[in-house]
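Colleague: no FASTA, just this:
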C-alpha cells in the first residue's frame, strides 16, 4: 500500500518530467505515452454542493469511513487484524489535499474502531477544514436507554476529538419498522435530546440514514415540521433507481426516496453509490459495455457520476479502502461531468442487463457479523457473486466449460472462506437477518449456496 | 585392484559390458518402479492412484492378504525364473535401501564382504510373521511388512514436504488468479506413526549404508519367503571356477553378502538379482545364465545370531508402539467468532470406512501401509494408536465426513482390507448409525432453530420434530442411516457434537 501515494507522485513527477522533456524534445513519442498513462490524473477542481441551511460548501465526494484498510496485528493470532492507521492518515491527507471535506463514520464501523481512527487522522488538520458526520448507532437493545444512547453520542465526540458534530444521524432507521424507531429514538427521548443539542450548536445538522421499511421513511418526513431534518442519507445508485416492489422485496426504490426529499427541499447524502463495490466488480460484458462508451474511465466512475448528476445531492459517500479508489473517485469528481439524458438511458439499460445476473445484493457492510456460529457471511456471498460475474456457475454437466468452472468455483471457495466458515455450517438460526440493511434472507441464501456447492462436489449438476 | 582393471583384456571387456547392461536395465526398472509407487502416497488429487494404483496391488504381502492368487503366482514364477528380482525392482523398500547402499559405496568402495546367512534370525521373523497373520496380531504384521514400512516413511515424512511445496505453489497460483494449484490442509494425524517411520528409516539407512541388504536377508519375511523359491531359480549367477582368480572383487561389491569366493558358491536364497557383481569381475568369471533345475549352492548352515542388533530392532519397535499421540490446535480468525475444535467422541465401536466389510476383515487384511490415510481427502481416516490395531485406519468426523462422492480409500487399498466399491454401493453401506446427544443439541441449549444435521443427511435419515420448547429437534431413523458422519461433522455444537456416529462391527447393506 505504500506504493499508492508514490504511484500518484510518480505519475505527477512523470507528468512534470515529461512535459519538460516535451518542451525540449517536442513531438517525442515518450511524452504522448505519458499523457495516456496519466488519464486518471486529477485535472480540475473538486465539485462542491451547498447546504441550503448553513450555506457551507460540501465536496460532492464524501469519505465513508466504514472500510478503512487493515493489517495483521503484530504478534497477534493468525487472521487478527487492526486498522492500518498510517495508511488512514495518508488517505485522509490526500483526500483533504484534493478538496474532500466530508467524513462519515459511526461508532459501530470497523468493529468499533472507525471513529477513533478517523479522529486521529482528522485531528492533524484544522477543525474548520472538514465536516464530520457520525451516527447514533444504538442497535443493541442494551443501548436503547436514554443514558446509554447519550453516552454513545458523547463517546463519539471524544473519539473524534471534537466538541461538535457537523452532521449527526439516526442510524439505519427503517430496519425493524416503526416499533424499532420508537424504541431507539422516540420513547426514550433521545431524538428530543439530539434536537436540543442542535439548538445549542453542538450538532450543526441533524438527519437520519434510512434502510428498510418505507413506512418509517414516510413517517419521519411527514413530521418534517416538528423534526426539521437538515439532511437525509439514502441508498442511491443506478441499479436501485427504478426498483419496483414487485421486482424485489427491497424498499430501496431510490427514485421515490429522492423525489420525496427533493419535494421538501431536504438535501440527500448518498450511501452505497457503488453497492459496496458490486457496481465496480461487474460481469465482463457489462464492463465491456461501459468501457466501450467511455474507454478511458473506470467502471466505478459511472456509478459516481450517476449519483452526482442529481442536483439535490449534498455529497456521495464512498468507502475508499485503497489509494487507487480515492484517486479514481477524485478524478471522477474533479470536476463532476454530469450524465446526459442519453447516458442515463444507457445506464438504465445496463442496470436491466445486470439484474439478469443472480447475484446476492450483499454490499459487504458486515453489519451481520460476527455470526455466533463462526460463519463468514459476506465472504460466502461475495465469493458466490464473484463466480456469477466470472461465469463460473455451471448449471449443467453439459455446460461447455463445466469442469473448468466447477474447479474454479470450488478452489476459489476454499481460498476465499476457510472450511469451518463456509455456508455448510449455517444452521439457520436467523440471528443475522434483522441486521442486514439490504434485507437479504441470509440463511436462505447461504443454504442455497451450500446446496449448490454440494451438487458441484457430488457432480449431480 | 586398480591394476587389474587396467590390465583387463579387451575381449573380456565385451562380456563385462554386456552383463553390465543387465545391471543398468535393473536400475532403470527400479527407478521407474519407485517413481511410480511413491506418488501413490503423495498425490492428494487421486489421479495417480487411479492410474498406478496397481503398483501397490502387485506388492507381495498386500497381494497375499487380499488372496490375490494371480499376483502371488506371477511373483513366485518371476522368482523361480530370475531369482529375487522382486526385491530389486518391485519392492520400494528394497529400492530405497539400494539408494542408501549406493551412497555408502560412494563413501567407501568395495565395502561389503561375504557373511553367512543369519538363518535363525530370518526364520524367526518369518515364523513371527506367520503366527502374527494367523493370530491376527496386526501390529506385528504392519511393522514387518516391507511395503507398509515404505508407505509409512513416505506418508509421514515425505508427504508433509510435498504438501508444503504444493501450498507454496497454491499461494503463487492464487496471486496469479490461477486455479492450477489449490491449497491442501496438512494434518499431522499421528505422531506414533511418524516415530515408527523415522526409526525404520534410520535403521534401514544405517544397515543399507554399511552392509547393503541386511534387512532384506535377515528380517524381511517377504525376502525369506522369496528366498525359498530363488534357490531354485532357472536363471542365476554362476561362478566359473576356471576363470576366477579369487580376487573377491565381486564379493566385496555384493550388497547381499552372498558370494562365497573361497568355496565358489552363491547363496541364492539371499541374492536379489541386482547384477552388480557381473560388471565387477575383470575375468569374466561371473555370468547370469540359465542353469535349469540344478540344486541350490546355498550355504544353509545355521549360524549364531547377532543378538545385539536384534535387540536394538525390537527395542525400537516397542518405543515406536508406545509413543503418545497429541493433536495440534488450530488458531482462529480475530474478526470472527472463535470456532472451537471438535473433539473425538467416545465411541463404543470404532468406525471402519465403507468397503471394509467388517472390523474383523479390516483387522485381518490391513498391513497399515497408510495408503488409504494418505488418500482420504476429507481428513476422516487416521491411524489407530492402540497396540492391537496399531497404525490401521479408522474413521472419525472432526475434520470432515465420509463424503458421498468419494471412494478413494476403497480404490487404493491393495490388501483387500477395504474392498473396491462405487458411489452407488457406498450410499447403501451402513458403517454405523447416528446417535443424538440431548445435552449438546442447540435447539435445547441455545433455544435457536438449527436442523443442520437433517439438512445435510445424504440419505434423509434425520427428520426434525417439534420439541416441547417450541423448537425442533432431530430424530434419526437408524435403519436409513449409513454412518457417513455429515451430521456429526456439521453439527454446530462444539467441542462435542450433539449427534455422533457409533460404528458397526459388521457393515450392512441397506
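Modeller: Nice, I can see it. Please read all numbers here as calculations on a predicted model, not as lab measurements. Numbers count the residues shown, from 1 in each chain, chains lettered A, B, ... in the order given.
Colleague: so where's the chain uncertain?
Modeller: Going with chain A. A:1-42, A:78-79, A:243-252 (pLDDT under 70).
Colleague: look at chain B instead
Modeller: B:1-19, B:293-335.
Colleague: Specify the residue ranges that define each domain of it.
Modeller: B:2-154+B:194-290, B:431-510 (automatic domain parsing).
Colleague: got TSV for the ones you listed, with mean neighbour count and distance to chain A too?
Modeller: For the C-beta atoms, the positions are set from N, CA and C on the backbone; glycine is no exception. Output for the domains of chain B, formatted as TSV (neighbours: other Cβ atoms under 10 Å in any protein chain shown; distance: least, Cβ to the nearest Cβ, whole Å):
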stretch	mean neighbour count	distance to chain A
domain B:2-154+B:194-290	19	11
domain B:431-510	19	4
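Colleague: what about these, which gets the closest to residue A:157?
Modeller: domain B:431-510 (37.6 Å; Cβ to Cβ).
Colleague: start to end distance for that closest one?
Modeller: 10 Å (Cα to Cα, to the nearest Å).
Colleague: cool, stretch A:180-187 as well?
Modeller: End-to-end distance (Cα to Cα), stretch A:180-187: 10 Å.
Colleague: Got phi/psi on residue B:189?
Modeller: phi -100, psi 10 (degrees, to the nearest 10).
Colleague: That one: neighbouring residues, count only.
Modeller: 22 (other Cβ atoms under 10 Å in any protein chain shown).
Colleague: Grab the nearest non-local neighbour of it.
Modeller: residue B:382 (4.1 Å; Cβ to Cβ, 6 or more residues apart in numbering or on different chains).
Colleague: And stretch A:62-79, what's buried?
Modeller: Under the neighbour-count criterion of 16 or more other Cβ atoms under 10 Å in any protein chain shown, stretch A:62-79 has A:62-70 buried.
Colleague: Out of those residues, list just those in helices.
Modeller: Among the buried residues of stretch A:62-79, none falls in helices (DSSP state H).
Colleague: Filter these down to the ones in strands?
Modeller: In this view, these that belong to strands under DSSP state E are A:62-64, A:70.
Colleague: ok, residue A:268 - contacts?
Modeller: A:231-234, A:236, A:257-258, A:261-262, A:310, A:312-314 (Cβ atoms under 8 Å, 6 or more residues apart in numbering or on different chains).
Colleague: where along chain B do the strands fall?
Modeller: Going by DSSP E, chain B shows strands at B:235-239, B:259-260, B:265-266, B:286-290, B:381-383, B:393-395, B:429-436, B:462-466, B:472-476, B:499-509.
Colleague: Dump those strands into a markdown table; add distance to residue A:363 as well.
Modeller: As requested, the strands of chain B are exported to a markdown table (distance: least, Cβ to Cβ, whole Å):
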| stretch | distance to residue A:363 |
| --- | --- |
| strand B:235-239 | 77 |
| strand B:259-260 | 80 |
| strand B:265-266 | 81 |
| strand B:286-290 | 77 |
| strand B:381-383 | 42 |
| strand B:393-395 | 42 |
| strand B:429-436 | 39 |
| strand B:462-466 | 33 |
| strand B:472-476 | 33 |
| strand B:499-509 | 36 |
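Colleague: coming back round to it: take the contacts of residue A:268 and write them to TSV, including secondary structure, neighbour count and distance to chain B.
Modeller: As requested, the contacts of residue A:268 are exported to TSV (DSSP: H, G, I helix; E, B strand; the rest coil; neighbours: other Cβ atoms under 10 Å in any protein chain shown; distance: Cβ to the nearest Cβ, whole Å):
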residue	secondary structure	neighbour count	distance to chain B
A:231	strand	24	32
A:232	strand	25	31
A:233	strand	27	26
A:234	strand	23	28
A:236	coil	25	29
A:257	helix	21	32
A:258	helix	19	35
A:261	helix	20	35
A:262	helix	15	39
A:310	coil	17	35
A:312	coil	16	38
A:313	strand	22	33
A:314	strand	28	32
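Colleague: Dump the residues you listed to CSV, plus distance to residue B:94.
Modeller: What follows is the contacts of residue A:268, written out as CSV (distance: Cβ to Cβ, whole Å):
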residue, distance to residue B:94
A:231, 83
A:232, 81
A:233, 76
A:234, 77
A:236, 75
A:257, 79
A:258, 81
A:261, 84
A:262, 87
A:310, 81
A:312, 85
A:313, 80
A:314, 81
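Colleague: which one among those gets closest to residue A:98?
Modeller: If you rank the contacts of residue A:268 by distance to residue A:98 using Cβ to Cβ, residue A:314 comes first, at 18.3 Å.
Colleague: Might you report the residue contacts of the closest residue to the closest one other than its chain neighbours?
Modeller: Leaving out its chain neighbours, the residue that sits closest to residue A:314 by Cβ to Cβ, 6+ apart is residue A:267, at 4.0 Å. Contact analysis of residue A:267 by Cβ under 8 Å, 6+ apart lists A:49, A:51-52, A:230-232, A:261, A:312-314.
Colleague: just residue A:127 next, same as before
Modeller: Residue A:127 makes contact with residue A:162 under the criterion Cβ under 8 Å, 6+ apart.
Colleague: ok, it to residue A:164 distance?
Modeller: 9 Å (Cβ to Cβ, to the nearest Å).
Colleague: swap in residue A:284?
Modeller: Distance of residue A:284 to residue A:164, computed by Cβ to Cβ: 48 Å.
Colleague: Pick out whichever of those two has more residues nearby.
Modeller: residue A:164 (15 against 10).
Colleague: Quick one: closest of the domains of chain B to residue A:121.
Modeller: Here domain B:431-510 is closest among the domains of chain B (Cβ to Cβ), at 39.8 Å.
Colleague: Please compute how far that closest one lies from its chain's middle.
Modeller: Here the centre of domain B:431-510 is set off from its chain's centre by 35 Å, with Cα atoms, centre = their mean, to the nearest Å.
Colleague: swap in stretch A:351-371?
Modeller: On Cα atoms, centre = their mean, the centre of stretch A:351-371 falls 12 Å from the chain's centre.
Colleague: who in chain A is up against chain B?
Modeller: A:73, A:76-81, A:111, A:369-374, A:376, A:404, A:407-408, A:411-412, A:414-415, A:418-421, A:424-431, A:447, A:454, A:457-459 (Cβ under 8 Å from any Cβ of the partner chain).
Colleague: can you rerun that using 6 Å?
Modeller: Listed as neighbours of chain B in chain A under the rule Cβ under 6 Å from any Cβ of the partner chain: A:77-80, A:370, A:372-374, A:376, A:407-408, A:411, A:415, A:420, A:424, A:427-429, A:458.
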